[in-house]
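Undergrad: I would like to see how this sequence folds:
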Amino acid sequence: AVVSTQSTGITCCTLVKDDLYVAVKSHLMVYSTRNAALLHVQNLGSSEVTGLSPSPTNSQQLLVTSRDGAVSVWDMTDWTLMKRLTVGSSVSHLLVSRSTEHVFLVTRDTESGNTITTIQKHCATTLSHVSNSLIIKKPCDNFKISSCGNFILFTRDTRVRVINTCTCATFTRFTHDTELCAVALHPTMNLAAVADVNGRICLLNDWIVKGCEEVAVQHWHANQVGGMGFAPRSDVLFSGGAESVLVKWLDGQPQFLPRIGGGIQHVLCPESGDIVVLVTADTALHIVNLNTWSVKFKLCNILKRPRDIGGKTSVSTNIASSGTDVVFSSTPGYLQVFDVEKREHKITVDITNQNQSTGHVRNKKLSYIDITHFKVSNDGEWLVTVERRDDGFVTPENRLKFWRKEETGYTLKTCVDPPHTKLTTSLSLGATASPTAVTTSTDCSVKVWLCAEEEDSWSLAQVLKHRHGPAYTSVISADGSVVVVAFKGVVVLYATDTWEVKAEVPQSISRVDQIFLSGYYLLTSSKDLISVWDLTSVSLCWEVSASVSYILALPDKTFLAFESRKSVTDAFLFGVKSAAPLAVHKFVCPGVVEGACLVDGAEEGEKVVMLNREHELYSLSHNAPPPLAITEREHQDTASIFTQLLKISAAPSVIQPDFKHNSAATVASSVLNVSSNALPPLSAICSNVLSDFLPQKIVSIN
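TA: This next block holds a predicted model:
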């Protein structure tokens with residue numbers, strides 16, 4: 001089964017055995033219909049794909065047609081381009097039958113304002129033109145080929161026409177009283193179904209016979225039928241339309257599967273007969289289990305952000321309380337919660353409550369209030385957002401909002417307007433003695449916000465400043481004992497009991513974009529440089545030049561670095577001890593990854609969820625690598641490591657640090673046990689250990 005979906009972001013899709021091949025403009029994505037896993041991503045060229053089909057002469061080859069008139073043959077084993085032919089006109093349909101060695105190309109040209117349709121016959125192996133082309137001088141659509149390959153059915157206004165591919169003879173099979181919009185052919189039986197714009201479906205038995213009338217008329221749809229498909233082993237027909245309801249026609253009686261999502265535009269029925277694949281108007285794919293009559297998987301390809309609005313929405317993803325939810329941005333001013341396990345949208349949260357526009361201003365350029373940063377607490381109880389509006393004329397608007405999770409969604413509890421006098425550059429959320437949020441700004445201040453559980457509100461608890469000027473990003477340690485802030489050219493560690501500076505880590509770059517804490521290691525990332533520091537000795541472990549779009553810290557002292565390559569993204573798994581990657585994951589998703597998070601899946605275990613620049617969600621199964629071959633340390637509990645290093649009083653169960661086996665014990669003690677105003681120069685602190693370290697070698701990711 002092959003469908004063309006010109007009105008959605010999906011331009012064409014087909015089924016090859018148990019795999020679903022989906023073309024989104026010029027890109028091909030291959031999914032498994034068994035578990036909805038993304039198997040492969042391939043760039044098929046520069047023009048929009050209009051047809052996909054396995055070759056009738058070689059099941060390992062894929063035929064591809066595009067709007068620029070090109071016909072290509074791809075080897076699906078290694079995805080190499082084997083042949084390419086240009087027919088000179090835009091190809092609208094690719095017709096392939098397994099019973100013949102030929103393929104048919106439907107091309108369209110406009111001549112003197114009239115659309116001329118041409119059907120060309122080509123050899124599937126060499127792509128050479130076989131016989132004279134058949135020219136139809138009127139607009140036609142909905143081309144389908146019979147299983148034997150000898151007949152082609154198509155619609156022209158209210159008529160169903162049939163072409164004999166052997167003799168090129170054409171005849172009218174059926175004339176209807178309303179314009180026809182969809183066609184489906186049974187893969188083994190001589191049965192056809194045509195639908196009109198009013199929702200009526202006509203069944204045509206022996207459709208290759210001239211002049212036969214319809215068998216039956218089935219009418220349930222109130223609007224135009226979007227797509228239809230026959231079950232391969234019976235005469236059961238599936239149909240769908242704008243009602244977002246999948247209809248199963250059995251002996252003329254309808255059965256319904258409602259609330260599919262967007263309007264159903266096309267239906268595909270694989271040979272296995274146990275599932276049906278639906279293409280919907282919201283650019284999503286739904287895999288329906290026919291045994292349970294329920295949606296098995298929903299592939300969200302999806303949720304595009306409008307491009308004609310001002311501002312930039314944050315694409316960072318966060319884990320909600322259930323462990324299977326991700327929160328990410330939608331249209332400006334909105335956040336959406338998506339259940340990764342069930343693959344369905346849960347709720348949409350209107351953060352700004354000010355972005356609705358009336359009809360008379362919708363065509364004008366508007367400056368929306370946009371969400372620049374947001375975080376969700378580990379237990380999912382709190383959502384913190386930062387919003388901004390700047391149209392370049394009036395004073396920019398900045399707000400910090402704290403939301404509490406309720407049964408029906410999130411409720412606003414505290415609003416700070418404004419949190420800083422200038423741009424808020426980052427937001428971090430964690431827990432010290434109570435839930436804590438940290439905001440940084442270009443006004444050279446770092447503000448700490450604490451939650452008063454009794455009052456269910458947040459208030460300013462501390463303002464931190466540093467001589468190095470603007471603050472760009474921050475992070476709170478897992479045990480809440482340290483807040484790390486990246487200022488211009490330096491990373492500073494603050495102890496949360498006294499808010500004193502405990503250590504300074506100089507940076508070779510002026511601005512750090514991301515910082516992470518993994519155990520007693522600090523990772524900093526900028527536009528083209530990644531550095532890892534050992535905080536017990538305040539020494540550089542390694543540094544690497546790499547152009548990465550996003551870094552995700554993992555709980556086992558490893559992290560994933562996402563690097564875009566042409567139109568796809570690769571993921572590199574690194575450890576904290578070496579710049580050499582432990583593993584490389586190719587083609588994790590198309591586009592550029594701009595956000596990622598870890599999700600606990602109940603069935604598939606822990607996985608990585610990625611959000612790319614086109615606002616599409618992809619998942620990657622995460623398996624922890626073998627433990628690194630490093631010397632064991634005294635403190636193995638990473639959750640309390642900073643409490644130990646800073647010697648902050650804690651519960652009696654916390655083991656006090658022991659530096660006697662650490663070669664840098666003197667250095668770590670001197671750094672972590674002095675006040676900020678008495679801190680000696682870094683060169684003096686590290687002079688006794690610098691000789692033990694060789695110059696670090698910078699390795700580039702190719």
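
Undergrad: Low-confidence stretches in the stretch 601-702 of the chain?
TA: In the predicted model, the stretch 601-702 of the chain carries pLDDT under 70 at residues 601-605, 621-702.

Undergrad: The stretch 151-300 of the chain too?
TA: Under the criterion of pLDDT under 70, the regions of the stretch 151-300 of the chain flagged as low confidence span 211-214, 300.

Undergrad: buried ones in stretch 65-82?
TA: Residues 65-74, 76, 79 are the ones in stretch 65-82 that count as buried (16 or more other C-beta atoms under 10 Å). For every residue, glycine as well, the C-beta is placed using N, CA and C.

Undergrad: same thing with stretch 116-125?
TA: Those would be 116-122, 124-125, for stretch 116-125 by 16+ other C-beta under 10 Å.

Undergrad: likewise stretch 251-260?
TA: Those buried within stretch 251-260 under the rule 16+ other C-beta under 10 Å are 257, 260.

Undergrad: Now do the end-to-end distance for that stretch.
TA: Between the opening and closing residues of stretch 251-260 lies a distance of 23 Å (C-alpha to C-alpha, to the nearest Å).

Undergrad: who touches it?
TA: Where contact means C-beta atoms under 8 Å, 6 or more residues apart in numbering, the residues beyond stretch 251-260 that reach it are 216, 218, 220, 240, 244-248, 278, 280, 286, 288, 293-295.

Undergrad: Repeat the analysis, applying 6 Å as the threshold.
TA: Counting by C-beta atoms under 6 Å, 6 or more residues apart in numbering, stretch 251-260 makes contact with 220, 244-248, 286, all of which sit outside it.

Undergrad: Looking at the residues you listed, which is nearest Ser441?
TA: Of all these, the one sitting nearest Ser441 is His286; the distance, using C-beta to C-beta, is 44.3 Å.

Undergrad: What strands flank the helix or strand where the closest one lies, and is each parallel or antiparallel?
TA: Using DSSP states H and E, His286 maps to strand 284-289. For strand 284-289, the paired strands and their directions (DSSP bridges) read strand 275-280 (antiparallel), strand 294-300 (antiparallel).

Undergrad: Give me the distance from it to the chain's centre.
TA: Here the centre of mass of C-alpha atoms in strand 284-289, compared against the chain's by C-alpha atoms, centre = their mean, to the nearest Å, lies 17 Å away.

Undergrad: contacting residues for Val568?
TA: Contacts of Val568 were listed using C-beta under 6 Å, 6+ apart, and they are 41, 587, 590.

Undergrad: ok, the first one - contacts?
TA: What that stands for is Val41. Residues touching Val41, when contacts are defined by C-beta under 6 Å, 6+ apart, comprise 29, 568, 587, 590.

Undergrad: ok, 7 Å please
TA: 27, 29, 568, 587, 590 (C-beta atoms under 7 Å, 6 or more residues apart in numbering).

Undergrad: which residues does the spatially most central residue of the chain bridge with?
TA: For the chain, the residue nearest the mean C-alpha position is Leu617 (2.1 Å; C-alpha atoms, centre = their mean). As for beta bridges, Leu617 partners with Leu611 under DSSP bridges.

Undergrad: swap in Cys12?
TA: The residues that Cys12 bridges to, once DSSP bridges is applied, are Ser4, Ala23.

Undergrad: Need the pLDDT of it.
TA: Cys12 carries a pLDDT value of 81.

Undergrad: Ser518 is nearest to which of the strands paired with strand 284-289?
TA: Counting by C-beta to C-beta, and looking across all of these, nearest comes strand 294-300 at 30.4 Å.

Undergrad: In that closest one, which of the residues would be classed as buried?
TA: Counting neighbours by 16+ other C-beta under 10 Å, strand 294-300 gives 295-300 as buried.

Undergrad: of all those, which two lie farthest apart?
TA: Lys296 and Cys300 (14.2 Å).

Undergrad: Distance of Arg159 relative to Val217?
TA: Separation of Arg159 from Val217 (C-beta to C-beta, to the nearest Å) stands at 17 Å.

Undergrad: So for these two, which sits in the more crowded spot?
TA: Taking other C-beta atoms under 10 Å, Arg159 and Val217 do not tie; Arg159 has more neighbours (15 against 12).

Undergrad: Bridge partners for the more buried one, pull those for me.
TA: Here Arg159 sits in beta bridges with Arg156, Thr175, going by DSSP bridges.

Undergrad: Could you double-check that it sits in contact with Phe171?
TA: No: using C-beta atoms under 7 Å, Arg159 is not in contact with Phe171; the gap is 10.3 Å.

Undergrad: sorry, back to before: just checking, the residue nearest to the centre of the chain touches Lys607?
TA: No: at 11.4 Å, Leu617 does not count as touching Lys607 under the criterion of C-beta under 7 Å.

Undergrad: all helices for the stretch 151-300 of the chain, in order.
TA: Read by DSSP state H, counting those that start in this stretch, the stretch 151-300 of the chain holds no helices at all.

Undergrad: Repeat that for the chain.
TA: Per DSSP state H, the chain carries helices over the ranges 641-646, 665-672, 682-690.

Undergrad: how much space between the closest residue to Thr496 other than its chain neighbours and Ala281?
TA: On the basis of C-beta to C-beta, 6 or more residues apart in numbering, the spatially nearest residue to Thr496 that is not a chain neighbour turns out to be Thr432, at 4.6 Å. In this structure, Thr432 lies at 47 Å from Ala281, with C-beta to C-beta as the measure.

Undergrad: just Ser426 next, same as before
TA: Using C-beta to C-beta, Ser426 is found at 37 Å from Ala281.

Undergrad: More neighbours: these two, which one.
TA: Counting neighbours by other C-beta under 10 Å for Ser426 and for Ala281 shows that Ser426 has the greater number, 23 against 17.

Undergrad: residues contacting that one?
TA: With contact set as C-beta under 7 Å, 6+ apart, Ser426 has these partners: 373, 440, 472-474.

Undergrad: Can you pick out the ones from the residues you listed that are in strands?
TA: With strands identified by DSSP state E, the entries of the contacts of Ser426 that belong to them are 373, 440, 472-474.

Undergrad: For those residues, point out the one with the lowest pLDDT.
TA: The minimum pLDDT among the ones in strands among the contacts of Ser426 falls on His373, with 87.
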